[in-house]
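J.: pasted the sequence and its predicted model underneath.
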Amino acid sequence: MKHQCAIKHDIFKEFLAEFLGTFVLVLFGCGSVAQTVLSRNSLGEPLTVHIGFSIGLMMGVYVAGGVSGGHLNPAVSLAMVIVGKLKIWKFPVYVLAQFLGAFSGAAAVFGLYYDAFMDFTNGILSVTGINATGHIFTSYPGRHLTVLGGFVDQVFGTGTLVLCILAITDVGNIGAPKGVEPLAIGLILLGISVSMGLNCGYPLNPARDLGPRLFTALAGWGTEVFSTAGYWWWIPVVGPLVGGVAGAGIYFLLIELHHSNDTDKPHEEPEEEEEDDEDDISLKDKYEMINMS
């Protein structure tokens, strides 16, 4: 009974950590987009949006990392299940927490900038048009992008994200110093944003895209958030999940599977000890010679 209570308590803590971490991610990320759009680019630009999302991810991982690992993304959680770093029964709990955190983060941004939204849109919330604001919260494709192109974009971008995260957290690789991992993960997203953001704005996260999309549907933008661009909404949901699995598989097959066992190291240590002994003997001899003189 005590063991079961401990498990329930642990998963509840992890749920809260994932919720709050994802909330922070969306608050910083979507907040940076809102400031840019609602100020008509006078208080922001694409680079500030990239920085906003990168810092949001970094701070979110700092908030949740010590408790849940700071996944903040169903694609990352699924990848961790694949590589055996997350129990499969925890996966739906993490996803629910991430979705609710993203939904709440979008609600917080809307509440924070409510007056600015009303001034910018004259009270008419829309996804398309000159005063469109739906893209503040969720991704929409560029005019040049096909459905297949968008799917490949999300698979490729999320695969890169997961692959790099696994490299940073792999104790058999160079990794990152303890406590610096969130900073490195934030830099991964910054790199992706400045190199792969043209097509659809690098959502890379089903919860971060679908949670705010559902919020906008309920908050006044309507079902247009789902039907726009040929029902685009499913691509930032399915694509990242496929990309996360692909990135995990590639890293395991090409890197982690080939880690050496470092069998030579135990043979080197005695040699070092022998050298240390020789140094000690030499120092002792010198000390005795000095005393004799």
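T.: Everything's here; your move.
J.: doesn't Thr216 make contact with Gly134?
T.: Yes - using C-beta atoms under 8 Å, Gly134 is in contact with Thr216, at 5.8 Å. Backbone N, C-alpha and C define where each C-beta goes, glycine included.
J.: what is in contact with these two at once?
T.: Both Gly134 and Thr216 are contacted by 125, 225, under the criterion C-beta atoms under 8 Å, 6 or more residues apart in numbering.
J.: list the contacts of Thr121.
T.: 131, 133.
J.: for Ile136, see how far away it is.
T.: Thr121 sits 11 Å away from Ile136, going by C-beta to C-beta, to the nearest Å.
J.: what of Thr160?
T.: 25 Å.
J.: and the two? Which one has more around it.
T.: A side-by-side neighbour count of Thr160 and Ile136, using other C-beta atoms under 10 Å, places Ile136 first with 23 against 20.
J.: contacting residues around that one?
T.: Ile136 touches 30, 33-34, 37-38, 109, counting by C-beta under 8 Å, 6+ apart.
J.: Gly222 now?
T.: So Gly222 contacts nothing (C-beta under 8 Å, 6+ apart).
J.: check it and give its pLDDT.
T.: pLDDT for Gly222: 97.
J.: same question, Tyr140
T.: 97.
J.: please tell me how far the nearest residue to it once chain neighbours are set aside sits from Thr138.
T.: By the measure of C-beta to C-beta, 6 or more residues apart in numbering, the closest residue to Tyr140 outside its immediate chain neighbours is Ala229, 5.7 Å from it. According to C-beta to C-beta, Ala229 stands 11 Å off from Thr138.
J.: tell me which residues in stretch 234-249 are buried?
T.: If you call a residue buried by 16 or more other C-beta atoms under 10 Å, then stretch 234-249 has these buried ones: 235-237, 239-249.
J.: what's the nearest residue to Asp205 if we skip its chain neighbours?
T.: Actually, residue 205 is Asn. It isn't Asp. Nearest to Asn205 is Asn73, by C-beta to C-beta, 6+ apart, at 4.4 Å.
J.: neighbours around that neighbour, how many?
T.: 31.
J.: I'd guessed it sits against Asp209; true?
T.: No - checked against C-beta under 8 Å, the pair Asn73 and Asp209 is beyond contact range at 10.3 Å.
J.: any idea how far Val26 is from Pro212?
T.: Taken as C-beta to C-beta, the span from Pro212 to Val26 is 6 Å.
J.: going on from the one helix or strand Cys5 maps to, what's the next piece of helix or strand?
T.: In the assignment (DSSP states H and E), Cys5 maps to helix 2-38. Remark: after helix 2-38, the chain's next helix or strand is helix 46-68, criterion DSSP H and E.
J.: quick check: next helix or strand after that following helix?
T.: helix 74-82.
J.: next, the angle helix 46-68 makes with that following helix.
T.: Orientation note: helix 74-82 sits at an angle of 40 degrees relative to helix 46-68 (axes from the mean of the first three to the mean of the last three C-alpha atoms, to 10 degrees).
J.: packing partners for helix 74-82?
T.: helix 91-112, helix 147-169, helix 206-216, helix 235-254 (3 or more C-beta pairs under 8 Å, 6 or more residues apart in numbering; DSSP states H and E).
J.: swap in 6 Å and give it another go.
T.: The contact analysis (3 or more C-beta pairs under 6 Å, 6 or more residues apart in numbering; DSSP states H and E) places helix 74-82 against helix 91-112, helix 235-254.
J.: off-centre distance for it?
T.: Between the centre of helix 74-82 and the centre of its chain there are 11 Å (C-alpha atoms, centre = their mean, to the nearest Å).
J.: what angle sits between it and helix 91-112?
T.: Using the same axes, to 10 degrees, helix 74-82 lies at 160 degrees relative to helix 91-112.
J.: wouldn't the residue nearest to Asn205 be in contact with Leu204 here?
T.: No - under the criterion of C-beta atoms under 6 Å, Asn73 is not in contact with Leu204, lying 7.3 Å apart.
J.: if you count neighbours, what's buried in stretch 7-19?
T.: Here stretch 7-19 shows 11, 14-15, 17-19 as buried, counting by 16+ other C-beta under 10 Å.
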